[in-house]
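Asks: build me a structure from this.
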Amino acid sequence: MENFDITSTKFVKYPPNSNLPKGLVNSKILKNNFLTNSASMMPKIEDFNQMFRDRANSMLNMNESIFPPGHPLYNHERSISALKEVNDKLVKENLELKKKLQTKTSTN
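Replies: Numbers count the residues shown, from 1 in each chain. Now for the predicted structure:
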């Protein structure tokens, strides 16, 4: 024990006859596994990309809502903003229909 070296503690010691982690040691096997499982991995990657885009978008629009999700007024605030959007669309549609009606009555 007197010759115990500090550098020897840097390495993980495994018992004899144990299964060592394969990790990047067998890169050919990893590459083959990746190529064979790539079709099943694509939906997971696409889901991650969508989740990442949604998260980034929510971070860019952080000041949009005062109340965090789960707060009792969060849904109320969302419903008010949704109602305002629908109301604006209906007002625009009504104006267009009034213009069409006026053009039809003026031509007849």
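Asks: show me where this protein has its helices.
Replies: Using DSSP state H, the helices of the chain run over residues 27-36, 38-60, 72-107.
Asks: got a markdown table for those, with distance to residue 19 and mean pLDDT too?
Replies: C-betas here are computed from N, CA, C, even on glycine. Below are the helices of the chain laid out as a markdown table (distance: least, Cβ to Cβ, whole Å; pLDDT from 0 to 100):
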| stretch | distance to residue 19 | mean pLDDT |
| --- | --- | --- |
| helix 27-36 | 14 | 82 |
| helix 38-60 | 25 | 80 |
| helix 72-107 | 51 | 82 |
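Asks: could you dump the ones you listed into CSV and include mean neighbour count?
Replies: Shown next, in CSV, are the helices of the chain (neighbours: other Cβ atoms under 10 Å):
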stretch, mean neighbour count
helix 27-36, 10
helix 38-60, 10
helix 72-107, 10
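Asks: any chance of those in a markdown table, plus distance to residue 17?
Replies: Formatted as a markdown table, these follow (distance: least, Cβ to Cβ, whole Å):
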| stretch | distance to residue 17 |
| --- | --- |
| helix 27-36 | 21 |
| helix 38-60 | 34 |
| helix 72-107 | 58 |
